[in-house]
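Trainee: sequence isn't available, so here's the structure alone:
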Ligand SMILES: Nc1ncnc2c1ncn2[C@@H]1O[C@H](COP(=O)(O)OP(=O)(O)OP(=O)(O)O)[C@@H](O)[C@H]1O
Ligand SMILES: [Mg+2]
């Protein structure tokens, strides 16, 4: 594959000054994918130096972009945890109140098994509501499918299922025995709690019903063979998130946040919950990062800018990209064809292609 060789040659010229070696020879490049001019890869750096490595990432991206035949590049930094490093940051010491003896002894949680036929289950999560999880899920699903992956999307938000509308699928799925046959559109196999319950009915659902419904959607839906099953989660850190991580092997979570502090605080809570469930964070996406005025063309940052990238660097997880506020993203979602399907070449779709490529690279690197 000549283009891939050219890309490798370009990466071999990018030197990591802290190691005194190029990033290819040193084995820092992981998950390199070259597909029809779209290049994505992950650069693994030490967790302690992650925040200082952005210039290296930018240099690698620029070097690959300059290669003839490369149309787009998605380079992602990921922190390589030192061996033996704790997955959950230790908390400050707690004063001893003599309660130790009363702490219930909990058995170590059992590792859940993989979902048969599904290579990677990827949760799309946020701490705060309305930050664009469903929009990112729908566009990511369509983009991954367009890149040739077999993709499923499970809409696990019982309180506000969005995917029937965003992906333009409606009706009740048929079933064979107790196996539900999912619907399909834009190359994506879709199942939503919204297909199964009336909107008003779902509002009164309680934890155990939610968990039962989620388990049914994972285990009793004929997903077929999938490379990726995206799970569009409700906001927060509740029963649905926990059940998903406990009942099935989840490759990791993509956390969506808007840039303002209040959303980031909630995003951090979400990240903390996934870490406690021993579910890797595959990356952070900053949504509604900028607004381009269609009158004067000036770029505004109504919610601030860069907070999610800074947080990703601080905690050493990949920053997958930022999505500006575009009217076309909202109207396309409302119209049942995500902008990646409705305007695949448009500037509004570009961030989603990059995020999809970054996610592919991250999953490949982990595999
Ligand atoms: N980048 C964007 N540009 C324009 N509109 C957007 C963008 N991202 C999301 N929206 C719009 O914002 C609204 C909320 O987005 P979405 O439903 O995807 O958020 P959510 O996090 O899934 O919400 P919930 O927590 O309720 O599930 C939707 O109307 C969507 O079309
Ligand atoms: Mg949603």
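Mentor: In hand now; what should we look at? This one's a predicted model, so the numbers in the text were calculated from it and none came from an experiment. Ligands and ions are numbered 1, 2, ... in the order given.

Trainee: I'd like the average pLDDT over stretch 356-366.
Mentor: The average of the pLDDT scores along stretch 356-366 is 93.

Trainee: buried sites along it?
Mentor: 356, 357, 358, 359, 360, 361, 362, 363, 364, 365 (16 or more other CB atoms under 10 Å). Backbone N, C-alpha and C define where each C-beta goes, glycine included.

Trainee: do the same with stretch 279-294
Mentor: Buried residues in stretch 279-294 (16+ other CB under 10 Å): 279-291.

Trainee: in TSV: those, plus pLDDT.
Mentor: Compiled in TSV, those are given as follows (pLDDT from 0 to 100):
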residue	pLDDT
279	93
280	93
281	94
282	95
283	94
284	94
285	95
286	94
287	95
288	92
289	85
290	88
291	88
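
Trainee: what residues sit buried inside the helix or strand in which residue 75 is found?
Mentor: Element membership for residue 75 (DSSP states H and E) is strand 72-80. For strand 72-80, a neighbour-count test (16+ other CB under 10 Å) marks 73, 74, 75, 76, 77, 78, 79, 80 as buried.

Trainee: tell me the bridge partners for the fifth one.
Mentor: Per DSSP bridges, the residues bridged to residue 77 are residue 43.

Trainee: report pLDDT for it.
Mentor: Residue 77 is given a pLDDT of 81.

Trainee: correct me, but it touches residue 317?
Mentor: No: using CB atoms under 8 Å, residue 77 and residue 317 do not qualify as a contacting pair, with a distance of 9.0 Å.

Trainee: out of everything not next to it in sequence, what's closest to residue 292?
Mentor: residue 299 (5.5 Å; CB to CB, 6 or more residues apart in numbering).

Trainee: so where's this protein shaky on pLDDT?
Mentor: 1, 80-110, 199-206 (pLDDT under 70).

Trainee: all helices of it, in order?
Mentor: 2-11, 54-65, 133-146, 163-166, 193-196, 199-203, 207-219, 239-247, 261-276, 307-315, 327-334, 339-342, 350-366 (DSSP state H).

Trainee: quick one: closest of those to residue 40.
Mentor: Closest approach to residue 40 among the helices of the chain is made by helix 350-366 (3.6 Å; CB to CB).

Trainee: that closest one vs helix 327-334, what angle?
Mentor: 70 degrees (axes from the mean of the first three to the mean of the last three CA atoms, to 10 degrees).

Trainee: contact partners for residue 261?
Mentor: Neighbour list for residue 261: 304, 307 [criterion: CB atoms under 8 Å, 6 or more residues apart in numbering].

Trainee: now do it against ligand 1, distance only.
Mentor: 17 Å (CB to the nearest ligand atom, to the nearest Å).

Trainee: ditto for residue 61
Mentor: In terms of CB to the nearest ligand atom, residue 61 sits 22 Å off from ligand 1.

Trainee: which one is that residue nearest to, not counting chain neighbours?
Mentor: That would be residue 75: by CB to CB, 6+ apart, it lies 4.2 Å from residue 61.

Trainee: pretty sure the one you found is in contact with residue 63, am I right?
Mentor: No: if you go by CB under 8 Å, residue 75 and residue 63 don't touch, sitting 9.4 Å apart.

Trainee: neighbours around the closest residue to residue 294 other than its chain neighbours, how many?
Mentor: Nearest residue to residue 294 in three dimensions, chain neighbours excluded: residue 327, at 7.5 Å (CB to CB, 6+ apart). Residues near residue 327, counting by other CB atoms under 10 Å, number 11.

Trainee: before we move on, what about residue 114?
Mentor: That count, for residue 114 with other CB under 10 Å as the rule, works out to 13.

Trainee: quick one: which of the buried residues of stretch 279-294 sit in strands?
Mentor: Applying DSSP state E to these, the entries found in strands are 281, 282, 283, 284, 285, 286, 287, 288, 289, 290, 291.

Trainee: of these, which is the nearest to ligand 2?
Mentor: residue 287 (11.6 Å; CB to the ion).

Trainee: which other residues reach the strand holding residue 75?
Mentor: 30, 37-47, 50, 53-54, 56-57, 60-61, 64-65, 283, 313, 316-321, 350, 353-355, 357-358, 361-362, 365.

Trainee: in the chain, what residue comes closest to ligand 2?
Mentor: residue 134 (3.3 Å).

Trainee: ok, now which ones touch the closest residue to residue 51 other than its chain neighbours?
Mentor: Nearest residue to residue 51 in three dimensions, chain neighbours excluded: residue 313, at 4.2 Å (CB to CB, 6+ apart). Contacts for residue 313 (CB under 8 Å, 6+ apart) come out as 50, 51, 54, 77, 319.

Trainee: 10 Å instead?
Mentor: Each residue near residue 313 by CB atoms under 10 Å, 6 or more residues apart in numbering is listed here: 50, 51, 52, 53, 54, 57, 77, 79, 284, 319.

Trainee: so residue 284 bridges to which residues?
Mentor: Bridge pairing for residue 284 - DSSP bridges - gives residue 255, residue 319.

Trainee: next one: stretch 179-194 to chain centre, how far?
Mentor: 20 Å (CA atoms, centre = their mean, to the nearest Å).

Trainee: that stretch spans what distance, first to last residue?
Mentor: For stretch 179-194, the first-to-last residue distance is 17 Å (CA to CA, to the nearest Å).
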